[in-house]
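*Asks:* Got a predicted model here, sequence first, then my questions.
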Amino acid sequence: MKIEIIKCLKDNFSYLIIDEKTQIACVIDPSEAKPIINFLNKKKINLKYILNTHHHHDHVGGNRELKKKYDSCVIGFKGDKDRIPEIDILLEDNQIWKKDNFEAKIYHIPGHTKGHIAFHFFKEKKIFTGDTLFSLGCGRLFEGTYEQMFNSLKKIKQLPKDTEIYCGHEYTIQNSNFCIANDPENLKLKEKIAKIKNNLKNNLPTIPTILEDELECNIFLKANDLKTFSKLRDLKDNF
Ligand code: ZN
Ligand code: FE
């Protein structure tokens with residue numbers, strides 16, 4: 001299974017998960033259709049599945065055009081069936097979604113939105129976290145409560161430490177500024193920031209990140225109680 005990172009809009013990431021044996025692909029959160037089509041046109045890949053982590057426009061903006069062009073199937077959370085354009089398959093919390101050679105466990109992780117989900121390709125140890133968990137940050141609370149977000153992050157924290165995390169935006173450097181301001185003695189964080197800066201300098205994404213790094217460096221994952229987490233979330237909103 002190959003992952004292609006497709007940059008979209010200003011700072012969004014869409015991802016293609018390609019089964020190279022069958023040349024069948026899933027796309028995660030197509031912000032817009034064009035960059036996805038441009039990539040697929042160069043290869044002979046069939047885009048069969050469109051997977052959405054949540055209903056925000058910068059994650060579903062390409063659904064309609066891609067579905068029309070490739071006759072793909074749109075997959076998202078049951079609770080967001082009226083907000084995800086062109087949705088076909090409705091998912092539930094803890095369900096396993098399995099089609100062709102793709103197999104992912106679904107986690108309902110509300111906080112950023114009420115219906116946010118993550119797709120965990122557990123055999124490959126890769127999770128697509130949308131706008132819930134970013135590298136060195138977490139999503140803003142648009143619809144959910146602090147407690148929901150705290151518990152959603154807790155679910156991700158329990159995965160194997162070598163899980164690769166693919167998130168919805170390139171926010172890593174801004175997030176790192178907040179982490180280091182609040183955790184100035186963290187050596188592991190300093191090392192991670194050096195790597196991040198190097199990637200960006202070379203025009204490379206800072207994604208994927210590894211859960212182990214996030215557990216040690218992401219201040220929102222380091223918060224072990226709801227009160228600390230909530231305070232940090234408020235501080236970040238005004239940072
Ligand atoms: Zn969002
Ligand atoms: Fe977003």
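*Replies:* Nice, thanks for sending it over. Ligands and ions are numbered 1, 2, ... in the order given.

*Asks:* Spell out which parts of this protein neighbour ligand 2.
*Replies:* Neighbours of ligand 2 within the chain, by C-beta under 5 Å from the ion: 58, 131, 168. All C-beta atoms are positioned from the backbone trio N, CA, C, and that covers glycine.

*Asks:* Which one of those residues sits in the busiest neighbourhood?
*Replies:* Gly168 (29 neighbours; other C-beta atoms under 10 Å).

*Asks:* In contact with that one, which residues?
*Replies:* 12-13, 29, 53, 58-59, 129-131, 134 (C-beta atoms under 8 Å, 6 or more residues apart in numbering).

*Asks:* redo that, cut-off 7 Å
*Replies:* By C-beta atoms under 7 Å, 6 or more residues apart in numbering, the contact list for Gly168 reads 12-13, 29, 53, 59, 130-131.

*Asks:* What is the nearest of those residues to ligand 1?
*Replies:* Nearest to ligand 1 among those: Asp131, at 3.7 Å, using C-beta to the ion.

*Asks:* The closest residue to Ser31 other than its chain neighbours: what's it in contact with?
*Replies:* The shortest distance from Ser31 to any non-neighbouring residue, by C-beta to C-beta, 6 or more residues apart in numbering, is to Cys8 (3.7 Å). By C-beta under 7 Å, 6+ apart, the contact list for Cys8 reads 14, 31-32, 35.

*Asks:* same thing but at 10 Å, please
*Replies:* The neighbours of Cys8, taking C-beta atoms under 10 Å, 6 or more residues apart in numbering as the test, are 14, 29-36, 58-59, 61-62, 168-169.

*Asks:* can you check Ile45 too?
*Replies:* 4, 16, 18-20, 22-25, 39, 70.

*Asks:* Quick check: pLDDT value at it.
*Replies:* Looking at Ile45, its pLDDT reads 94.

*Asks:* For it, give me phi and psi.
*Replies:* When quoted as degrees, to the nearest 10, the phi and psi of Ile45 stand at phi -110, psi 140.

*Asks:* so Ile196 touches Leu136, yeah?
*Replies:* Yes: assessed by C-beta atoms under 10 Å, Ile196 is found in contact with Leu136 at 8.1 Å.

*Asks:* Return every residue with contacts to both of those two.
*Replies:* Contacts common to Ile196 and Leu136, judged by C-beta under 10 Å, 6+ apart, are 172-173, 175-176, 206, 209.

*Asks:* and the residues you listed, which of them are in strands?
*Replies:* Per DSSP state E, strands hold the following members of these: Thr209.

*Asks:* any idea how far Asp93 is from His120?
*Replies:* 12 Å (C-beta to C-beta, to the nearest Å).

*Asks:* Oops, could you answer that again for Asn182 instead?
*Replies:* In terms of C-beta to C-beta, Asn182 sits 29 Å off from His120.

*Asks:* got it, and Asp58?
*Replies:* According to C-beta to C-beta, Asp58 and His120 sit 22 Å apart.

*Asks:* just Leu235 next, same as before
*Replies:* According to C-beta to C-beta, Leu235 stands 29 Å off from His120.

*Asks:* How about Glu86?
*Replies:* From Glu86 to His120 the distance is 24 Å (C-beta to C-beta).

*Asks:* Please say which of those two ends up with more neighbours.
*Replies:* Set Glu86 next to His120 and count neighbours by other C-beta under 10 Å: His120 wins out with 23 against 17.

*Asks:* Checking the spatially most distant residue from the centre of the chain next. Helix, strand or coil?
*Replies:* The outermost residue of the chain relative to its centre, with distances by C-alpha atoms, centre = their mean, is Glu185 at 28.1 Å. With DSSP: H, G, I helix; E, B strand; the rest coil as the basis, Glu185 sits in coil.
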